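Chemist: quick one: sequence and predicted model below, then my questions.
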Number of protein chains: 4
Amino acid sequence: MNDLDQLNGYFFEDLKVGQSAVFGKTITEADILMFAGVSGDTNPVHLNEEFGKRGMFKGRIAHGMLSASLISTVIGTKLPGPGGIYVSQNLRFKAPVRIGDTVLAKVEITELFPEKKRAAFKTTCTVGETVVIDGDAVIMIPARGK
Amino acid sequence: MNDLDQLNGYFFEDLKVGQSAVFGKTITEADILMFAGVSGDTNPVHLNEEFGKRGMFKGRIAHGMLSASLISTVIGTKLPGPGGIYVSQNLRFKAPVRIGDTVLAKVEITELFPEKKRAAFKTTCTVGETVVIDGDAVIMIPARGK
Amino acid sequence: MNDLDQLNGYFFEDLKVGQSAVFGKTITEADILMFAGVSGDTNPVHLNEEFGKRGMFKGRIAHGMLSASLISTVIGTKLPGPGGIYVSQNLRFKAPVRIGDTVLAKVEITELFPEKKRAAFKTTCTVGETVVIDGDAVIMIPARGK
Amino acid sequence: MNDLDQLNGYFFEDLKVGQSAVFGKTITEADILMFAGVSGDTNPVHLNEEFGKRGMFKGRIAHGMLSASLISTVIGTKLPGPGGIYVSQNLRFKAPVRIGDTVLAKVEITELFPEKKRAAFKTTCTVGETVVIDGDAVIMIPARGK
């Protein structure tokens, strides 16, 4: 086996409904800044404390897509991991994430489609007990037996 | 009028179906690196050229959520701009984005919901003529008359 | 089980001599820049192409500690993964890494010390067939049975 | 003398046992984020405050190799400075570094090997009075007389 093969994630045959994985990260000032730089999203609700205080969140909040990106992290590094192809991701933003919050992204397999070698996932981001994003994803996964 | 008010985007009453806006960005090595740091997504298909070459894309590709983040940029900075609240975003990943590609994100209002003060958008990312992401979003927008 | 428990790596009892894991990454201009920024290591052999060309490497090279950091990545994220404590790392720099090279870090358990709950690892970084760093590490690992 | 020659560090003949140099840096959130991106080390002990709190350090800590990189900074920019070649670096991690800590890296020449044009260094990182890393390094240094 080539060492690079060790980088691969799960094969389709190894997956089961109910399997789950998580990744969590504390959202810091530095994350907000870097995400603004990479995305170009300079909305003052993320960068301008005075603007944020006047709005409904009473302060700055993190970019919703920053938290959503942690879902992609679990999918791309843990379940199914490297080799999977992102087909779709639906996101519903339920609550704001503030600087200092620790976001936990969790993905759980809800259905397997053997003919298409695809898996459907429930995808959730929480801060403590609060769901901040819920949604679902479909991933195409390499098969061992093909 | 306070100077901070000038930071606000559109009010609901000012929007029309068919209105659109765009934001574009060339995806560089630095974007991939920064996005990996912020998201924690170290999938080798993004970071490891040798792993990437062995896969179906024949090289490294950008994180799908990085391109998707540009949609949020248009929404948060242009249409409707600051003051809008992200309700949902659905994403279908259609084609890979490579380092050096320029991604153009476009959002277009497809429907207005006056009672809920919400707007539905068609959201698309293209590289040249190729659609790399399509999808739709719903945004809640502050109303002038309330 | 708490979701955060899913973030933990291996317990000491689960490890065997010979077990290995890898992480690989292509070293780009952006990596050199960011590593210089984070470390403060502005040695012109990394940042100044004209200086680099006059030296024995005939061009710029990556920071040795940047490649060495990939060893820490395998240890901290894969084997043994989160929960392990870095006790020591010895590094011998054998060959330069250039921009565009893909460095593969590999760690392999060479000895287990049940009384101290420590594992010794052989740690190697390669570019293709060339060993660029070799060395060894000792990690303290949480035990299930205690 | 070419202006680029002014970038060179010490020649072997100019070094003495006992000579020392330092470099110090405050470790911020941004350093942790950037180092995670460059290294790919997303161990939650560095990125996830809730995970960190449950562990033996009672909070997040900086990557050990980030502090270790400051040793390379002193060597590559001050003593002996540009022109030296890193042969080896041994590291013993003694205590954690937290966000906001200022790490001072110090290198001191302990032995000179004129035949091989190499110097051995004691290398230490401290936070206040606490040694966080100790170790030793060997560097090959250009000679004037050759």
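Modeler: Looks like it arrived, so ask away. Numbering: from 1, shown residues only, chains lettered A, B, ... in the order given.
Chemist: what helices and strands are in contact with the lowest-mean-pLDDT helix or strand in chain A?
Modeler: Using mean pLDDT, DSSP states H and E, the weakest-scoring helix or strand in chain A turns out to be helix A:49-54, at a mean of 93. Counting contacts by 3 or more C-beta pairs under 8 Å, 6 or more residues apart in numbering or on different chains; DSSP states H and E, helix A:49-54 packs against helix A:44-47. C-beta: built from backbone N, CA, C; applies to glycine.
Chemist: close to chain D, is the helix it packs on?
Modeler: No: shown here: helix A:44-47 not in contact with chain D (C-beta under 8 Å from any C-beta of the partner chain), separated by at least 15.1 Å.
Chemist: and that helix, what's buried?
Modeler: For helix A:44-47, a neighbour-count test (16 or more other C-beta atoms under 10 Å in any protein chain shown) marks A:P44, A:V45, A:H46 as buried.
Chemist: would you mind putting these into a markdown table with pLDDT and distance to chain B alongside?
Modeler: Formatted as a markdown table, the buried residues of helix A:44-47 follow (pLDDT from 0 to 100; distance: C-beta to the nearest C-beta, whole Å):
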| residue | pLDDT | distance to chain B |
| --- | --- | --- |
| A:P44 | 95 | 5 |
| A:V45 | 96 | 6 |
| A:H46 | 96 | 8 |
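Chemist: one step back: buried stuff in the least confident helix or strand of chain A?
Modeler: A:F51, A:G52, A:R54.
Chemist: what about A:R98, how many neighbours?
Modeler: Other residues lying near A:R98 total 15 when counted by other C-beta atoms under 10 Å in any protein chain shown.
Chemist: mind checking how far the residue nearest to it when sequence neighbours are not counted is from chain C?
Modeler: Computed as C-beta to C-beta, 6 or more residues apart in numbering or on different chains, the closest residue to A:R98 that is not its neighbour in sequence is A:I61, at 5.9 Å. Per C-beta to the nearest C-beta, to the nearest Å, A:I61 is found 23 Å from chain C.
Chemist: ok and the helix ranked longest in chain A relative to helix C:64-77, angle-wise?
Modeler: For chain A, the helix with the greatest residue count under DSSP state H is helix A:64-77. Helix A:64-77 and helix C:64-77 are oriented at 80 degrees to each other (axes from the mean of the first three to the mean of the last three C-alpha atoms, to 10 degrees).
Chemist: can you tell if helix A:64-77 touches chain B?
Modeler: Yes: contact between helix A:64-77 and chain B is present through A:G64, A:M65, A:L66, A:A68, A:S69, A:L70, A:S72, A:T73, A:G76, A:T77 (criterion: C-beta under 8 Å from any C-beta).
Chemist: tell me, what's the model's pLDDT at the first one?
Modeler: By that I understand A:G64. We have a pLDDT of 98 for A:G64.
Chemist: for it, what are its contacts?
Modeler: A:L91, A:F93, A:V97, A:I133, B:S72, B:Y86, B:Q89 (C-beta atoms under 8 Å, 6 or more residues apart in numbering or on different chains).
Chemist: okay, those in CSV with secondary structure and distance to chain C next?
Modeler: Listed next are the contacts of A:G64 as CSV, based on DSSP: H, G, I helix; E, B strand; the rest coil; distance: C-beta to the nearest C-beta, whole Å:
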residue, secondary structure, distance to chain C
A:L91, strand, 20
A:F93, strand, 20
A:V97, coil, 17
A:I133, strand, 15
B:S72, helix, 23
B:Y86, strand, 25
B:Q89, strand, 24
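Chemist: quick one: name the residues of chain A near chain D.
Modeler: Close to chain D, as judged by C-beta under 8 Å from any C-beta, chain A has residues A:23-26, A:28-31, A:33-34, A:73, A:77, A:100, A:102, A:104.
Chemist: same list, these, but only the ones touching chain C.
Modeler: Okay, of these touching chain C (C-beta under 8 Å from any C-beta), that's A:F23, A:G24, A:L104.
Chemist: burial count for the closest residue to A:H63 other than its chain neighbours?
Modeler: Nearest residue to A:H63 in three dimensions, chain neighbours excluded: A:F35, at 5.2 Å (C-beta to C-beta, 6+ apart). Neighbours of A:F35 under the rule other C-beta under 10 Å: 26.
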